[in-house]
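Asks: this one's structure only:
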């Protein structure tokens, strides 16, 4: 392996590995894009339905019933808690959150239909 991966910015572990476009630390679970280490200002600020700033790893609740299209359909009910969200910029349409919704699995959400759990 000619290129050595950088140590984890969270725990300084040297055991980081590549997973797609991200680098992952097996010790603490932190994920980051290579070359993205201290570029926090370059990230888009995403706000929930009431104006709270969201960040990767936050927990949110669903603010209104969501009808799920495809894969059996169904409805995600108001108040469903979703842990460990990931902010994305390449979502379908204007979806800017990737998360695992209990009972539905992995899906993309709009920040306008979630509320940050404080």
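Replies: Great, that's in hand. As the structure is a computational prediction, the values presented were derived from the model and not from experiment.

Asks: What residues of stretch 61-75 count as buried?
Replies: Within stretch 61-75, the residues scored as buried using 16 or more other Cβ atoms under 10 Å are 62, 63, 66. Placement of C-beta: from N, CA and C, glycine included.

Asks: Could you dump those residues into TSV with distance to residue 23 and secondary structure added?
Replies: Written out in TSV, the entries for the buried residues of stretch 61-75 read as follows (distance: Cβ to Cβ, whole Å; DSSP: H, G, I helix; E, B strand; the rest coil):
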residue	distance to residue 23	secondary structure
62	31	strand
63	33	coil
66	32	strand
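
Asks: And the residue most central in space within the chain, how close does it get to residue 32?
Replies: If you average the C-alpha coordinates of the chain and look for the closest C-alpha using Cα atoms, centre = their mean, you land on residue 86, 0.3 Å from that point. Distance of residue 86 to residue 32, computed by Cβ to Cβ, to the nearest Å: 12 Å.

Asks: returning to that earlier point: pLDDT at the residue nearest to the centre of the chain, what is it?
Replies: We note a pLDDT of 93 for residue 86 in this prediction.

Asks: is it true that it touches residue 98?
Replies: Yes: in terms of Cβ atoms under 8 Å, residue 86 counts as a neighbour of residue 98; the distance is 4.6 Å.
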